[in-house]
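Engineer: build me a model from this:
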Amino acid sequence: MKSYRVRVAAAVVVAAVAAGPLSACAPVQAGAAAIVGKERVSSSELDAAVRSIHEDAAANGLDGADKQRATPPLPGPRQVLTTMATTRQLIEFGRQKGINVTDREIDDMLIGVETQAKQQGMTVNQMLLLNGIPLSEGRTVVRALLTQQKLGSRMAGAAADPQTAAEKLGKEVEAAVPIKFSPRYGKFDPQQGIFLADDRFGAVQSAAPAAAVPQD
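Structural biologist: This is a model prediction of the structure:
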C-alpha cells in the first residue's frame, strides 16, 4: 500500500486538468450552466447544489459560530459548477471505456479520507462542503476520482512515461465528452482549469486541506 495526496473534491478537477484542458466557455442551451458531452447541467441544478452546501454548512460547523476556529469561505457557484461538470465527464468517459467502480472501492477510499481528515481536525463532510460538493454527491465524486485513477493506470501501461499518458488521456476524454460552460458564469481558463476572478462572483476560492488516502 502507498499513499498519495488527494483533495476529496478538487482532486477530480485537478486530475482532469492535469490530463488535459477542459473546454472554454461557449454558447450553450438556454437555462444550461454547462453541457457535458450530451448531458445538460441546468442552472437550477447548480443553484440547488450551492444552496444545499450552504444549508449543510451550519450543521457541520462551517457557519463561523466557533470563534476559536477560522472557517474558510464556502465555494461559490463557479467552483461548484467546475466540479459538477468534471465529475460527470469522468464518469461518462469511464462508462464508455467499460470502467467499473464498486461500492466497496468507494467505501475503502472514504475510510482512508476519514482517517486522515480526523488527523487534520476535520470531518469528511467538512472537506466535501469546503470543496464545493453537496453531501448527497460525495460518493459520486469519489466514483469519478476512482474512475480517473483506473483510466490513468490503463493508459500508463501503454505509454512511455506518466506525462505522455496523462496528456493522451486528457485528449481522449475531451474528444469523447467535451465540456462547454455558459459564458454567463464568467471567463473560463481551460489551461488552468478555473474561472478567472470576477467581482460578480467573488474571489477564486482555494481548495480545502488535503488528506492522504491509501491506494493499492
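
Engineer: could you look up the SS state of Leu62?
Structural biologist: Look at Leu62: counting by DSSP: H, G, I helix; E, B strand; the rest coil, its state is coil.

Engineer: do I have it right that it meets Leu74?
Structural biologist: Yes: with contacts counted by Cβ atoms under 8 Å, Leu62 reaches Leu74, the gap being 6.8 Å. Placement of C-beta: from N, CA and C, glycine included.

Engineer: which of these two has more residues huddled nearby?
Structural biologist: Neighbours per residue, other Cβ atoms under 10 Å: of Leu62 and Leu74, the larger number sits with Leu62, 23 against 19.

Engineer: let me see the backbone angles for that one.
Structural biologist: Per-residue torsions, Leu62: phi -120, psi 20 (degrees, to the nearest 10).

Engineer: distance of it from Glu172?
Structural biologist: To Glu172, Leu62 is 37 Å away according to Cβ to Cβ, to the nearest Å.

Engineer: swap in Ile91?
Structural biologist: Taking Cβ to Cβ, one finds Ile91 at 15 Å from Glu172.

Engineer: more neighbours: which of those two?
Structural biologist: For the pair Ile91 and Glu172, the greater number of neighbours falls to Ile91 (23 against 17), based on other Cβ under 10 Å.

Engineer: right, and the more buried one touches Arg143 too?
Structural biologist: Yes: here Ile91 reaches Arg143: they are 6.3 Å apart, a contact under Cβ under 8 Å.

Engineer: give me the below-cutoff pLDDT ranges for the chain.
Structural biologist: Along the chain, the model assigns pLDDT under 70 to residues 1-30, 64-71, 157-160, 190-194, 197-216.

Engineer: all helices of this protein, in order?
Structural biologist: According to DSSP state H, the chain carries its helices in the segments 10-19, 43-59, 77-96, 103-119, 124-130, 138-156, 162-176.

Engineer: between the ones you listed, which gets nearest to Ala34?
Structural biologist: Minimum separation from Ala34 across the helices of the chain (Cβ to Cβ) falls at helix 77-96, 4.7 Å.
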